[in-house]
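Student: Kindly return the folded structure for what I paste below:
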Amino acid sequence: MTDAVERREEVRAKIARATLDAGRGDSVTLVAVSKTFEADAIRPVLDAGQRVFGENRVQEAQGKWPALREAFPDLELHLIGPLQSNKAKEAVALFDVIETVDREKIAAELTKEVERQGKRPRLYVQVNTGLEDQKAGIDPRDTVAFVARCREIHGLPIEGLMAIPPFDENPGPHFALLEKLAREAGVEKLSMGMSGDYETAIQFGATSVRVGSAIFGSR
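Tutor: Here you go, the predicted model:
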């Protein structure tokens, strides 16, 4: 087995243990974050059974995933990086899940593309729980109303929330805030937790965790 395959097994074991420790009876989806890695590095992980992957950039994903999808048609691709409105067409065509809806313009563009292409990716709203200027995501105070507008005005069936806590803060309060907002907004999915804190995120109710370096190694 390659190092990435072995590390993936270790991550899966830790996810299972954290889920059990949290007293949860559900399962947590592992999103293997493959940004910056070429197809040759990803294929062994696909061969090992991983089917859910995350990418940050539409253009990078376009360069490697169409061929991989031909070989593995059951894979599920998540956009976990910021989405520019001029990339909505490509994003809807390529991704099964878009986790970074965070403003009205993006919602409007996605609505147009969903109608035009007849393809409906699953959608999450990204929340900037730390109110960081350099980070994408909607203000937590606006989240519930924004989810409602996405549903009622744009006809987008938002199913979850996503967040990236500040790297220099305890992630627990941020995960707790996202879980609270999800309950208030009436969404069931919580994408939170990365290589350094995914076990903590599971304690707070994460339904999916986005793990890159702990599987693929340093970039």
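
Student: what packs against the longest helix along the chain?
Tutor: Secondary structure of the chain per DSSP state H: the longest helix is helix 3-21. Applying 3 or more CB pairs under 8 Å, 6 or more residues apart in numbering; DSSP states H and E, we find helix 3-21 packed against strand 29-33, helix 39-47, helix 198-203, helix 213-216. Using the backbone N, CA and C atoms, a C-beta is placed for each residue, glycine as well.

Student: in the chain, which spans are helices?
Tutor: Under DSSP H, the chain gives helices at 3-21, 39-47, 58-71, 88-94, 104-117, 143-152, 171-185, 198-203, 213-216.

Student: Give me whichever of those is most buried.
Tutor: Among the helices of the chain, helix 198-203 has the highest mean neighbour count (mean count of other CB atoms under 10 Å), at a mean of 22.

Student: beta partners of Arg210?
Tutor: Val31 (DSSP bridges).

Student: that older thread, want to throw the helices and strands packed on helix 3-21 into CSV with mean pLDDT?
Tutor: CSV is the format used below for those (pLDDT from 0 to 100):
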stretch, mean pLDDT
strand 29-33, 98
helix 39-47, 96
helix 198-203, 98
helix 213-216, 96
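
Student: how about CSV for the helices of the chain, with distance to Asn128 added?
Tutor: Shown next, in CSV, are the helices of the chain (distance: least, CB to CB, whole Å):
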stretch, distance to Asn128
helix 3-21, 25
helix 39-47, 29
helix 58-71, 21
helix 88-94, 20
helix 104-117, 14
helix 143-152, 9
helix 171-185, 10
helix 198-203, 17
helix 213-216, 22
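
Student: what about stretch 203-219, how long is it end to end?
Tutor: 28 Å (CA to CA, to the nearest Å).

Student: Same check on stretch 20-30?
Tutor: 15 Å.

Student: when you give positions from now on, start the count at 36
Tutor: Got it, the first residue is 36 from now on, which makes the last one we talked about stretch 55-65.

Student: contacting residues around that stretch?
Tutor: With CB atoms under 8 Å, 6 or more residues apart in numbering as the test, stretch 55-65 has contacts from 43, 46-47, 50, 53-54, 85, 87, 237-238, 241-244, 246.

Student: Give me the buried positions along that stretch.
Tutor: Under the neighbour-count criterion of 16 or more other CB atoms under 10 Å, stretch 55-65 has Ala57, Val63, Thr64, Leu65 buried.

Student: what about dumping the CA coordinates of stretch 75-89 to PDB?
Tutor: Below are the C-alpha coordinates for stretch 75-89, written out as PDB (Å, rounded to 0.1, in the frame of the first residue of the first chain):
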ATOM      1  CA  ASP A  75      -1.300   9.800 -10.100                       C
ATOM      2  CA  ALA A  76      -1.300  10.600  -6.400                       C
ATOM      3  CA  ILE A  77      -5.000  10.400  -6.000                       C
ATOM      4  CA  ARG A  78      -5.600   7.100  -7.900                       C
ATOM      5  CA  PRO A  79      -4.200   4.700  -5.300                       C
ATOM      6  CA  VAL A  80      -6.600   6.200  -2.700                       C
ATOM      7  CA  LEU A  81      -9.400   5.700  -5.200                       C
ATOM      8  CA  ASP A  82      -8.300   2.200  -5.700                       C
ATOM      9  CA  ALA A  83      -8.400   1.700  -2.000                       C
ATOM     10  CA  GLY A  84     -12.100   2.600  -1.900                       C
ATOM     11  CA  GLN A  85     -12.200   6.300  -1.200                       C
ATOM     12  CA  ARG A  86     -15.000   7.900  -3.200                       C
ATOM     13  CA  VAL A  87     -15.500  11.400  -1.700                       C
ATOM     14  CA  PHE A  88     -12.900  14.100  -2.500                       C
ATOM     15  CA  GLY A  89     -12.600  17.800  -2.000                       C
END
